[in-house]
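Engineer: Structure for this input, please:
(chains A and B)
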Protein chains: 2
Amino acid sequence: MSNNTLNTFSVNSKRITKGALKVPFKELTLSNGEKILLQTVEGCPENFPNQPKITSGWTESYQDGDARKVKKTQLDYAKKGVITPQMEYVAIRESFCTSDEGKMAFTPEDVCNTIAQGRAVIPANINHPEAESMIIGAKYSVKVNANIGASAIGSDYSKELEKLRFSLQFGADTVMDLSVGIEGIPELRNAILRASPVPLGTVPAYEALDRAEGNIKKLTWDLFRDTVIAQARQGVDYFTIHAGLLHDYLPYAAQRILGIVSRGGSIMAECMMSQGTENMAYEHFDELLEICHDYDVALSLGDGLRPGCINDACDKAQYGELKTIGELAARCYKAGVQCFIEGPGHVAMDKIEENQRLQEKYCNYAPFYTLGPLVTDIAPGYDHITSAIGGSQIAAFGTAMLCYVTPAEHLALPNAEDVKTGLITYKLAAHAADLAKGLPGAKIRDDAMARARADFRWFDQFALSLNPEHAYKVWKSQMPDNCSHEASFCSMCGPRFCPIRLNRVLKNKFKDTL
Amino acid sequence: MSNNTLNTFSVNSKRITKGALKVPFKELTLSNGEKILLQTVEGCPENFPNQPKITSGWTESYQDGDARKVKKTQLDYAKKGVITPQMEYVAIRESFCTSDEGKMAFTPEDVCNTIAQGRAVIPANINHPEAESMIIGAKYSVKVNANIGASAIGSDYSKELEKLRFSLQFGADTVMDLSVGIEGIPELRNAILRASPVPLGTVPAYEALDRAEGNIKKLTWDLFRDTVIAQARQGVDYFTIHAGLLHDYLPYAAQRILGIVSRGGSIMAECMMSQGTENMAYEHFDELLEICHDYDVALSLGDGLRPGCINDACDKAQYGELKTIGELAARCYKAGVQCFIEGPGHVAMDKIEENQRLQEKYCNYAPFYTLGPLVTDIAPGYDHITSAIGGSQIAAFGTAMLCYVTPAEHLALPNAEDVKTGLITYKLAAHAADLAKGLPGAKIRDDAMARARADFRWFDQFALSLNPEHAYKVWKSQMPDNCSHEASFCSMCGPRFCPIRLNRVLKNKFKDTL
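Structural biologist: The predicted structure follows:
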């Protein structure tokens, strides 16, 4: 695709900001003058030069050696009814891409109340000033997380930063660095943090085991705690910690076909089995809460017993752990630590609503964050699709954030192309759920697309697409050379049989009928 | 991928047959001795040399010039409680890939009763002896149709036959030839029919308009009828006819953003508008029923007013037409003509169940056959996914057959690669729905996959996949050279951090606990 053609799409896209906080949006001006606002982040490489980040310096904080600590978390403020700039920022961000100027779909007061109820989270480590505020909660637009990170035989620094770039370009709302088994994990994470305008999550158990040289017997609480502190001081915005995986649940997991498939969960389980102890993150949960509170790191309570196949879903292992996680969520809330809850996994479609409802019941409506779920086991190479099917459904039922799954799932470490495909797939799944939830204005972009289709404004259609370059390429591939971008047909039906053209006749004929 | 490697997958796959009717299956023998049966058709090129087709010659029929006619349709037989060989054949076909030998999930009596209720259809034109019997109905496994066919600027014979080959290889249950605007449509269709072991559907209005030289004013009933007769005599198994699109509904369609997007629907509407007449297929419906009865062609009552965007879904145009279609379905039933009902289209997820339930209500549970539905409009290039999300859901609610959508939808005529991707996507969506419906034994293949994962039997995993070659390629791409196909890791977590390995320890430790 030539640069010229690319410009034809992007020339009508400009950065604008809304409100005193200058919340950035991408404004598309279509060829008929219609304007559409899309969420964006400043660090998004397809956009605009970085400017000083706008969410830093708002929270009361103090220096502690080489890092900063907060006096109050977003949850602390919310409980007191104090509206922080972060809350105002996300209210604008959620409102203006889904509704008209004039009427904000979400007010800062609403955001504050929802956080105070424990039903939404703004992950915002004081040491990650590059991050722009975003909110995770069932009331708001469904968010998508992209997992990146290297493994011992899969990647290197530059590849991981390329994955980050793709993730941002295609709309990741958060990113998790899941690097494991390589040299220099902290340095790679630092590079990712400094380049990431979206919140970053990690699973500290991975680095802890690396610090123990892969020897599970050496994985002590001190080492685990020090890892958590070091990552918090670097700026990680949320930690996945599998503190609900208790020893009591292991016999149930042993009955499964696939036992434990969570990498973090298996580390905790191996540790418990080899050392004959209870889950150390559970035993020392209050200490973890203190650390998280110090930096306003959110806890993503991990489901170490998430089912790894259809057969293992919804069993005593999974639901037992979920109940314990619910108790831990209540302790997070009491301690002023923001938290959300991780969910499955592999679940057949008839059990998806049950998963959402039980999570709400046990965890008192703390935001749910699921991996898919995948609705069948038989499609390796296409598990971005099997999981988007389940993900869109559970999000329509109320799940707040979806962890994407790429086409490489079950087979290989995703490469940059997999990251891109996974993200686009999940952005469409999340958007479908926004439509199903009836989010104010979610349909604006769909309607603009439909009008562009009715008018044969092909380049407007591409600009409104989740992946404009790809849509253009498919369209162009079979069109005659030098055809107009206002050609009133495509190769599907050919020039003589396009049904869309009839609509002009139809509209004219019946314009005064009803 | 080398042929050697390919053989490693296929060496354990053999054709077997079940019952006196020799219903063929593909039997996979995994490396641990487990056997898995998969549905297949004889014409499937990856399988076995063709043998004389087994469904021909069973139905009472007589020669009429160069074609045959039937005395009774499958529905006629069913109403009288006569179990035909076709019914027995599909009962075996549906049972043995979903349950153990010994207990048939579906009996021929059950099939006969379900057809007699109008809740299932065996499309079986007496002039398509190449076709093997298959059943479409909510009680049975969800079926997938693949659309192929050339347009004036999109394809040629050899490409269409390649698409047919891909469709069969990846499991299409029926194929529709939607060729339009090219020379030699009847010859192409004949080539497809003679090569197709699955039922073939068409939209006769396309060829009728071609016969009228694209001039809608020349499209008379005589010409339409002659087209239908010619196609029936060639062997087409089902016709999509948009007989429910009445003049009364046009003003509602005119209110939409996208009016009419069905190609066949727009032909009927243009005809009505330009000639000032009612829908000719509606007016002459009894004649159509006679023709369909003569050859046992099934009617697929087309939704000419299916919504073309989220905004247009579930309006008076769509539901008005559906109600008329329901009346036509009752007339089909009375006339002994098998029928099923086409459905949307573009529908947000919160309206999907409503679509299924209304269809059941208006059409008295005649099988529903939907195009997706697509759950958002903003993802051109990825509409196989947006539609698989909706398709899997509506199939779980009871839709009997899904018409696939390819990645080229809205942009171009699909090429062979698009056909392949579309089919695999829909096979996984259909299978996910089978799981959700709790179809007896649907989980057998998933469980075999899960066990193969637990044991690191990689090649068994590939063999159980919907696309073995692709799964192998992704896995291999990042594995060290010469690694074993029993390597107890993949590049996702690397050799040191695989959670699956822990499961052996877990199982040993707790084997006697519960």
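
Engineer: So which residues of the stretch 401-514 of chain A form strands?
Structural biologist: The residue ranges that make up the strands of the stretch 401-514 of chain A, judged by DSSP state E, counting those that start in this stretch, are A:401-403.

Engineer: Low-confidence ranges, it, go.
Structural biologist: Scanning the stretch 401-514 of chain A for pLDDT under 70 picks out A:482-486, A:490, A:492-497, A:514.

Engineer: ok, longest helix in chain A?
Structural biologist: Across chain A, the helix with the greatest residue count (assigned by DSSP state H) is helix A:416-437.

Engineer: and it, C-alpha only, in CSV?
Structural biologist: Below are the C-alpha coordinates for helix A:416-437, written out as CSV (Å, rounded to 0.1, in the frame of the first residue of the first chain):
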residue,chain,number,x,y,z
ALA,A,416,4.1,-9.1,16.7
GLU,A,417,1.6,-10.2,14.1
ASP,A,418,-0.2,-12.4,16.5
VAL,A,419,-0.3,-9.5,19.0
LYS,A,420,-2.0,-7.4,16.3
THR,A,421,-4.5,-10.0,15.3
GLY,A,422,-5.3,-10.8,19.0
LEU,A,423,-5.9,-7.2,19.8
ILE,A,424,-8.1,-6.4,16.8
THR,A,425,-10.1,-9.5,17.6
TYR,A,426,-10.6,-8.4,21.2
LYS,A,427,-11.4,-4.8,20.3
LEU,A,428,-14.2,-6.0,18.2
ALA,A,429,-15.4,-8.4,20.9
ALA,A,430,-15.3,-5.6,23.5
HIS,A,431,-17.1,-3.3,21.2
ALA,A,432,-19.8,-5.9,20.5
ALA,A,433,-20.3,-6.2,24.3
ASP,A,434,-20.5,-2.4,24.6
LEU,A,435,-23.3,-2.4,22.0
ALA,A,436,-25.1,-5.3,23.9
LYS,A,437,-24.8,-3.5,27.2
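
Engineer: what about that helix and chain B, touching?
Structural biologist: Yes - when contact is scored as Cβ under 8 Å from any Cβ of the partner chain, part of helix A:416-437 falls within range of chain B: A:424, A:425, A:428, A:429, A:431, A:432, A:433, A:435, A:436, A:437. C-betas here are computed from N, CA, C, even on glycine.

Engineer: Select only the buried ones of those residues in ChimeraX?
Structural biologist: Those of those that count as buried under 16 or more other Cβ atoms under 10 Å in any protein chain shown are selected in ChimeraX with:
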select /A:424,425,428,429,431,432,433,435,436,437
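
Engineer: My read is that residue A:90 contacts residue A:132, right?
Structural biologist: No - counting by Cβ atoms under 8 Å, residue A:132 is not a contact partner of residue A:90; they are 9.3 Å apart.

Engineer: Compare these two and say which one has the larger neighbour count.
Structural biologist: Regarding residue A:90 and residue A:132, a neighbour count based on other Cβ atoms under 10 Å in any protein chain shown identifies residue A:90 as having more, with 29 against 23.

Engineer: which strands and helices sit next to the helix or strand that contains the more buried one?
Structural biologist: Secondary structure assignment for residue A:90, by DSSP states H and E: helix A:85-96. Using 3 or more Cβ pairs under 8 Å, 6 or more residues apart in numbering or on different chains; DSSP states H and E, the elements in contact with helix A:85-96 are strand A:23-29, helix A:74-79, helix A:108-116.

Engineer: Next, the angle helix A:108-116 makes with it.
Structural biologist: Compare the direction of helix A:85-96 with that of helix A:108-116 by axes from the mean of the first three to the mean of the last three Cα atoms, to 10 degrees and you get 110 degrees.

Engineer: show me the contacts for residue A:61.
Structural biologist: Residues counted as contacts of residue A:61 (Cβ atoms under 8 Å, 6 or more residues apart in numbering or on different chains) are A:68, A:69, A:70, A:71, A:126.

Engineer: now with 10 Å?
Structural biologist: For residue A:61, the contacting residues are A:67, A:68, A:69, A:70, A:71, A:72, A:126, A:127, A:294, A:295, A:296, taking Cβ atoms under 10 Å, 6 or more residues apart in numbering or on different chains as the criterion.

Engineer: same check, this time on residue A:157
Structural biologist: Under the criterion of Cβ under 10 Å, 6+ apart, the neighbours of residue A:157 are A:150, A:179, A:182, A:184, A:187, A:188, A:191, A:192.

Engineer: ok, residue A:41 touching residue A:173?
Structural biologist: Yes - look at residue A:41 against residue A:173 with Cβ atoms under 10 Å: they come within range, at 8.9 Å.

Engineer: who does the longest helix of chain A touch, helix- and strand-wise?
Structural biologist: Contact partners of helix A:416-437 among helices and strands, from 3 or more Cβ pairs under 10 Å, 6 or more residues apart in numbering or on different chains; DSSP states H and E: strand A:143-148, helix A:157-169, helix A:383-397, strand A:401-403, helix A:444-454, helix A:468-477, helix B:383-397.

Engineer: Mind giving me the packing neighbours of the last one?
Structural biologist: It stands for helix B:383-397. Here helix B:383-397 is seen to pack against helix A:383-397, helix A:416-437, strand B:143-148, helix B:352-363, strand B:368-371, strand B:401-403, helix B:416-437 when contacts are counted using 3+ Cβ pairs under 10 Å, 6+ apart.

Engineer: Output that helix as PDB, nothing but the C-alphas.
Structural biologist: Backbone C-alpha positions of helix B:383-397 (Å, rounded to 0.1, in the frame of the first residue of the first chain) are rendered in PDB as follows:
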ATOM      1  CA  ASP B 383     -16.200 -10.200   9.800                       C
ATOM      2  CA  HIS B 384     -15.700 -13.900   9.900                       C
ATOM      3  CA  ILE B 385     -15.000 -13.200  13.600                       C
ATOM      4  CA  THR B 386     -17.800 -10.700  14.300                       C
ATOM      5  CA  SER B 387     -20.200 -13.100  12.700                       C
ATOM      6  CA  ALA B 388     -18.900 -16.200  14.400                       C
ATOM      7  CA  ILE B 389     -19.500 -14.500  17.700                       C
ATOM      8  CA  GLY B 390     -23.200 -14.000  16.800                       C
ATOM      9  CA  GLY B 391     -23.400 -17.300  15.000                       C
ATOM     10  CA  SER B 392     -22.200 -19.400  17.900                       C
ATOM     11  CA  GLN B 393     -24.700 -17.700  20.200                       C
ATOM     12  CA  ILE B 394     -27.700 -18.000  18.000                       C
ATOM     13  CA  ALA B 395     -26.800 -21.700  17.300                       C
ATOM     14  CA  ALA B 396     -26.600 -22.300  21.000                       C
ATOM     15  CA  PHE B 397     -30.200 -20.900  21.200                       C
END
